[in-house]
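1. okay, here's the prediction I keep looking at, along with the sequence it came from:
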Amino acid sequence: EKAAGQEAPARTRKRQADTGVQPIVRYEHVSKSFGDLEVLHDINLDIAPGEKVAMIGPSGSGKTTLGRMLMTLEEPSGGMITVDGEPLWHMKSKGRLVKANEAHLHRMRGNIGMVFQHFNLFPHMSVLRNVTIGPRKVLGISAEEAHERAVTMLGKVGLGDKLDVYPSMLSGGQKQRVAIARALVMNPKIMVFDEVTSALDPELVGEVLEVIKEIAREGEMAMMLITHEMDFARDVADRVIFGAEGHIVEQGPPEQIFENPQSERLQSFLSRFR
Ligand code: ADP
């Protein structure tokens, strides 16, 4: 099934070639299998610097797997992912591209901010410490600077008054905002938000989406937003990508995707939200 919008990556690439802007993330012929089951098929996708891309689609279509490969948590079965021009899962050795080792992945991870459905905070550390530990241990910056940056970021997500509190004292929405601050403080080139509101009580979803929107508005950082929140995708994304059964079926600006869906599959998917 071929749908309008499918040519967009080629157009994007051409435009980028014209302007000389290198994508911050590029998936090239990426596939992924779990055992005998191929869940992503020949994915080609460029994300431009600063671009906000929302991934939507039915459950099981491969959105999370796509994000997890960028977060270095799942290895592609085929193809290549590059971040800021550098292969993520490959590295040069004696002039050849070989499988990346842990040191390469660790270094590349510094470019990629990750926020998950389950917040993965350190329960035995204060909110402040959860946010300073990355800059201290991974970026190796001074305690004072890490403190200053963390306080700024926690202020930005509305938790300036919770610095000394432990995660168990926070609501789910507050925990998720700490997780966002923790990713932001590393100053990544791309932020991946993987269904970050799916585990939250409905009344806490709004505060988290508001924080992400605010960051998106001010940020030069690119974002990949995997979401079931259609209004949010429409508000925040420059481009919406609809995937189904391991393929990109249709993509385009939010107005096009939501107001004028071309493929029958997207139309049927969206009808569930009306
Ligand atoms: P989505 O995020 O769109 O809901 P996923 O990326 O989570 O989709 O899943 C895509 C497919 O891959 C599903 O069929 C899922 O069952 C399968 N899958 C995901 N992770 C694993 C895994 N670790 N082992 C086996 N199958 C998996």
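-> Sure, I can see it.
2. okay, CA-based contacts and neighbour counts for the rest of this
-> OK.
3. tell me where the stretch 151-274 of the chain has strands.
-> Here the stretch 151-274 of the chain has its strands, by DSSP state E, counting those that start in this stretch, at 190-194, 222-226, 239-244, 247-252.
4. could I get those strands as JSON lines with distance to the ligand and mean pLDDT?
-> Putting those into JSON lines (distance: least, CA to the nearest ligand atom, whole Å; pLDDT from 0 to 100) gives the following:
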{"stretch": "strand 190-194", "distance to the ligand": "8", "mean pLDDT": "96"}
{"stretch": "strand 222-226", "distance to the ligand": "8", "mean pLDDT": "97"}
{"stretch": "strand 239-244", "distance to the ligand": "8", "mean pLDDT": "98"}
{"stretch": "strand 247-252", "distance to the ligand": "10", "mean pLDDT": "98"}
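5. how about these in CSV, adding mean neighbour count?
-> Conversion of the strands of the stretch 151-274 of the chain to CSV gives the following (neighbours: other CA atoms under 10 Å):
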stretch, mean neighbour count
strand 190-194, 24
strand 222-226, 25
strand 239-244, 23
strand 247-252, 23
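6. next, format those strands as a markdown table and append distance to residue 69.
-> Shown next, in a markdown table, are those (distance: least, CA to CA, whole Å):
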| stretch | distance to residue 69 |
| --- | --- |
| strand 190-194 | 11 |
| strand 222-226 | 12 |
| strand 239-244 | 16 |
| strand 247-252 | 15 |
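7. can you tell which of the ones you listed is closest to residue 148?
-> Across the strands of the stretch 151-274 of the chain, residue 148 has its closest neighbour in strand 190-194 (21.2 Å, CA to CA).
8. just how off-centre is the closest one within its chain?
-> Between the centre of strand 190-194 and the centre of its chain there are 2 Å (CA atoms, centre = their mean, to the nearest Å).
9. relative orientation of it and strand 222-226 in degrees?
-> Going by axes from the mean of the first three to the mean of the last three CA atoms, to 10 degrees, strand 190-194 is angled at 10 degrees with respect to strand 222-226.
10. burial count for residue 61?
-> 19 (other CA atoms under 10 Å).
11. ok, it to the ligand distance?
-> The gap separating residue 61 from the ligand is 4 Å, by CA to the nearest ligand atom, to the nearest Å.
12. repeat for residue 156
-> As judged by CA to the nearest ligand atom, residue 156 and the ligand stand 29 Å apart.
13. so who does that residue touch?
-> Residues in contact with residue 156 (CA atoms under 8 Å, 6 or more residues apart in numbering) are residue 181.
14. got the buried residues for stretch 251-271?
-> For stretch 251-271, burial by neighbour count (16 or more other CA atoms under 10 Å) applies to 251-254, 257-258, 261-263, 265-266, 269-270.
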